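In: Sequence below, structure please.
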Amino acid sequence: MELGLSARQTKGAAVDSTQGGFRLTIPASDGSRYDDAQLDDYTGLARRAFPHRSLDLSLRARTSAESAPGTWGFGLWNDPFGLSLGFGGSPFRLPALPNAAWFFYASPQNYLSFQNDPSTGSGQAHPAHGFLAQTFRSPHFHPSLISAGLALPFSRVTARRQLSQVIAEDSVALSVDVTQWHGYRLRWREDSVLFEVDDALVMETRVSPHPPLGMILWIDNQFAAFTPEGKISFGVLAHPEVWLEIEELEIKRP
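Out: Model prediction:
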């Protein structure tokens, strides 16, 4: 099927075609700006009109650095933040809880798990950064969102615990040399998500995101963290020039 992908990049970044696919590059930065290069198939769409309700995604990928500051990856999500930093003309969307299934790298400044809570021992431990196979499933709306929002100014720990009750997640840390070519496959269905690396199963989960979702491949220099202790931080990081290269990209609808 046709990929239907649109390229978007901030100033100085690039999405270039290669013989086998694409190279996404962000230039060196002192951390004073947001840098992003991405391909997606939901540009200009309202979240309810995102194109996918199930999907098979396969590709080969490598990156220029084993531990690039920021995030990169490929897969499916609902663009929950409602804003696309650095992209003029993007449609406004109200923020939403996350629904995603992707191969995701997050540098150590990130903390992207809602289930870990060492202070109480509650919740299954999930990696909060590193190179992950990861899924999130959240309702489009839940009454707990109101109480979490009200609690946030007074107790971020309480707000985070309330969010953990409505955001389901699953993930595994992957031991892969990401600077070398590897094959990745993601199969998303209504009741399950399957992840493979080099034809070997690395995770199969029943935590399947609610549709509809859009496909995204990206590399950027941002971070976000909401720790069990209630610390919230986000921003952009200094970095050298880094790139993500993709080839043999295929998508199939079952």
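
In: quick one, phi psi at the nearest residue to residue 173 once chain neighbours are set aside?
Out: Among residues not flanking residue 173 along the chain, residue 127 sits closest, at 4.5 Å (CB to CB, 6 or more residues apart in numbering). Glycine gets a C-beta too; all of them are placed from N, C-alpha and C. Main-chain dihedrals, residue 127, degrees, to the nearest 10: phi -60, psi 140.

In: Can you read off the pLDDT for residue 127?
Out: pLDDT for residue 127: 88.

In: ok, it touching residue 113?
Out: Yes. Counting by CB atoms under 8 Å, residue 127 touches residue 113, with 6.9 Å between them.

In: shared neighbours of these two, anything?
Out: Listed contacts common to residue 127 and residue 113 are residue 171; contacts here mean CB atoms under 8 Å, 6 or more residues apart in numbering.

In: So between those two, which is more surrounded?
Out: Per other CB atoms under 10 Å, whichever of residue 127 and residue 113 has more neighbours is residue 113, with 24 against 16.

In: Shouldn't the more buried one be within a strand?
Out: No. According to DSSP: H, G, I helix; E, B strand; the rest coil, the state of residue 113 is coil, so it is not within a strand.

In: From residue 73, how far out is residue 172?
Out: 14 Å (CB to CB, to the nearest Å).

In: Comparing the two, which residue is more hemmed in?
Out: residue 73 (22 against 15).

In: averaged over its residues, what pLDDT does the one helix or strand the more buried one maps to have?
Out: Using DSSP states H and E, residue 73 sits in strand 71-77. Averaging pLDDT along strand 71-77 gives 97.

In: other SSEs contacting it?
Out: strand 55-63, strand 100-106, strand 182-189, strand 214-220 (3 or more CB pairs under 8 Å, 6 or more residues apart in numbering; DSSP states H and E).

In: run the last query once more with 6 Å
Out: strand 100-106, strand 214-220 (3 or more CB pairs under 6 Å, 6 or more residues apart in numbering; DSSP states H and E).

In: which residues sit against it?
Out: Residues outside strand 71-77 that contact it (CB atoms under 6 Å, 6 or more residues apart in numbering): 100-106, 186, 213, 215, 217, 219-220, 244.

In: returning to what we had before: gap between the residue nearest to residue 173 and residue 193?
Out: 16 Å.

In: cool, and residue 238?
Out: 34 Å.

In: out of these two, which sits in the busier spot?
Out: Each of residue 238 and residue 193 has its neighbours counted (other CB under 10 Å); residue 193 has more, 26 against 12.

In: List the residues that contact that one.
Out: Here residue 193 is in contact with 101, 135, 205, 208 (CB under 6 Å, 6+ apart).

In: ok, of these, which one's closest to residue 250?
Out: residue 101 (16.4 Å; CB to CB).

In: tally of neighbours for the residue lying closest to residue 235 once chain neighbours are set aside?
Out: Once flanking residues are discounted, residue 235 sits nearest to residue 223: 6.4 Å by CB to CB, 6+ apart. Applying other CB under 10 Å, we find 21 residues neighbouring residue 223.

In: Which secondary structure element is home to residue 223?
Out: Per DSSP H and E: strand 222-226 holds residue 223.

In: Contacts for that strand next, please.
Out: 70, 109-111, 160, 232-234, 236.

In: Doesn't residue 48 lie inside a strand?
Out: No. Assignment of residue 48 by three-state DSSP gives helix, placing it outside any strand.

In: which one is it nearest to, not counting chain neighbours?
Out: residue 212 (6.9 Å).
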